[in-house]
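In: I'd like to go over a predicted model; first the sequence, then the structure.
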Amino acid sequence: MKNIKRRFFIKSSSLVAGGLVLPSFNINRMANSSNNKKLKVSVVGCGGRGTGAAVQALRADDNVELVAMADAFKDRLENSLTAIKEEMDGEKTIDVKEKNQFTGFNGYKKAIDLADVVILATPPGFRPLHFKYAIDNDKHVFMEKPVATDAHGVRQVLETAKIANQKKLNVVVGLQRHYEKKYIDLHKKISEGEIGKIRGGQVYWNDGGVWVNKRKPNQSELEYQMRNWYYFNWLCGDHILEQHIHNIDVANWFIGDYPISAQGMGGRQVRNGIDHGEIFDHHFVEFTYKSGAVVSSQCRHQNGCMKRVDEVFQGTKGSIEVGKGIINDLDGNLKYKYPYSLENEPNPYQVEHDKLFASIRKGGVISDTENGAKSTLTAILGRMATYSGKKLTMEDALNSNLKLVPEEMTWNSTPPTLPDKEGRYKIPIPGKTKF
Ligand SMILES: NC(=O)c1ccc[n+]([C@@H]2O[C@H](COP(=O)([O-])OP(=O)(O)OC[C@H]3O[C@@H](n4cnc5c(N)ncnc54)[C@H](O)[C@@H]3O)[C@@H](O)[C@H]2O)c1
């Protein structure tokens, strides 16, 4: 635990350059090579994002082949394969053999075994397990955010990150703002001191919410939760983590640090239907950084209210509104406007894969994991603060013994949360819920 704690607070660069000893494994098994050998890709979690990421991987490099797919559900896998074939029609032939299509909870192992590069895009609760298996087996990884739903998972991912770095494996995490031209440009301006030192900010993910997959007759409780995963914390982690992580991560990135504490409030007012599981529909958190900077984070899933997905920061010399791409001086005069033009903005989802495959080809190492894990933990800290109503520190979050995800699962497993007689789940109550 002491080591994990120490590692959490050191910079990624020192982790890579920190004199870590390479273990004895076969370097030829890794795809770090400048040659043009075929790179075999597997996708684990064949939903919306897994399907999109598979297409982006196929377009990132001429000699990439989709060799295997794994999903908990056969219908999801089949729909994904059809969509990939349709999208790639005329560009690349897609031929994922039936014997390389795996379903259930353990299919991920067989799919990963067949690949050089794996796409991990299941609901985030499974990410630590799948990521560990991929790295233990020397695979390069693209994994979606968040990288866990509890502190136990974050600690596991940080441990695995260390091994990935030792093995010089590339890991891209789907916090795609880091691969978006506008964000990169504005971050550079901030690093150059354009607004001075950041003293505060506001980050937002306020919109109407997401899909609901209603309970079906004869569905087991586990299948119901898996198909309606957004509303269950062991799978999703609540929307403060699942979506708002993007904006919280930008605060960490632009400030160049992770918060030391958080306090906040939240609840559910409109998200109270029978299929709304256990998550909140709004959270408001103050994240305090070591410098004294305070970032207010708000995420709301309620229709008919102000919609905004954005990041804003105030510094000692000016302020920045990322959405508008503008930097103002302390008197509100425009200092800089990002020269946005639609045709000049590469799709960051594609850029993630372009960079990943280019790095594999040239023997480079991208290691997004540590930041992905720390931003995941920041959002979990926010959730712990709003659920408990307490002021908590990052250490509280990192050391939390809350473990939401079971170790091994089969279709006979009992989900970690169960409904009452009316089909309703326990909702966190600030002041009563323990963090
Ligand atoms: N970066 C982004 O902008 C972005 C956008 C959308 C989604 N995401 C992330 O991508 C991930 C997936 O989201 P989605 O929208 O594609 O969800 P989805 O429901 O469309 O897809 C998830 C798929 O994973 C499958 N699955 C669940 N458990 C599994 C297991 N144990 N093994 C194998 N397959 C399993 C499901 O059956 C489903 O097909 C989430 O972490 C989400 O936060 C990121």
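Out: Received the coordinates, thanks.

In: all helices of the stretch 151-300 of the chain, in order?
Out: Along the stretch 151-300 of the chain, the stretches classed as helices by DSSP state H, counting those that start in this stretch are 151-166, 181-191, 221-227, 239-242, 245-255.

In: Need the winner for burial among those.
Out: Mean neighbour count (mean count of other Cβ atoms under 10 Å) peaks for helix 239-242 among the helices of the stretch 151-300 of the chain, with a mean of 27. Glycine gets a C-beta too; all of them are placed from N, C-alpha and C.

In: now it: how far from the chain's centre is it?
Out: 10 Å (Cα atoms, centre = their mean, to the nearest Å).

In: correct me, but Val285 touches Asp238?
Out: No. Using Cβ atoms under 8 Å, Val285 is not in contact with Asp238, being 11.8 Å away.

In: picking up where we left off before, okay, the helices of the stretch 151-300 of the chain in JSON lines with distance to Arg215 and mean pLDDT next?
Out: Below are the helices of the stretch 151-300 of the chain laid out as JSON lines (distance: least, Cβ to Cβ, whole Å; pLDDT from 0 to 100):
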{"stretch": "helix 151-166", "distance to Arg215": "27", "mean pLDDT": "98"}
{"stretch": "helix 181-191", "distance to Arg215": "39", "mean pLDDT": "98"}
{"stretch": "helix 221-227", "distance to Arg215": "5", "mean pLDDT": "98"}
{"stretch": "helix 239-242", "distance to Arg215": "20", "mean pLDDT": "98"}
{"stretch": "helix 245-255", "distance to Arg215": "28", "mean pLDDT": "98"}
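
In: Give me the distance between the closest residue to Tyr231 other than its chain neighbours and the ligand.
Out: Here the nearest residue to Tyr231 in space, its sequence neighbours aside, is Gly277; by Cβ to Cβ, 6 or more residues apart in numbering that works out to 2.6 Å. For Gly277, the distance to the ligand equals 14 Å [Cβ to the nearest ligand atom, to the nearest Å].

In: hey, which helix or strand in the chain has the poorest pLDDT?
Out: Sorting the helices and strands of the chain by mean pLDDT, DSSP states H and E puts helix 12-17 at the bottom, at a mean of 29.

In: Which positions in the protein make contact with the ligand?
Out: Taking Cβ under 6 Å from any ligand atom as the contact definition, the chain meets the ligand at 44-50, 70-73, 76, 105, 108, 121-124, 126, 144-145, 174, 176, 226, 242.

In: Buried ones from those residues, can you make that a ChimeraX selection?
Out: In ChimeraX, this line selects whichever of those come out buried by 16 or more other Cβ atoms under 10 Å:
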select :44,45,46,47,49,50,70,71,72,76,105,108,121,122,123,124,126,144,145,174,176,226,242
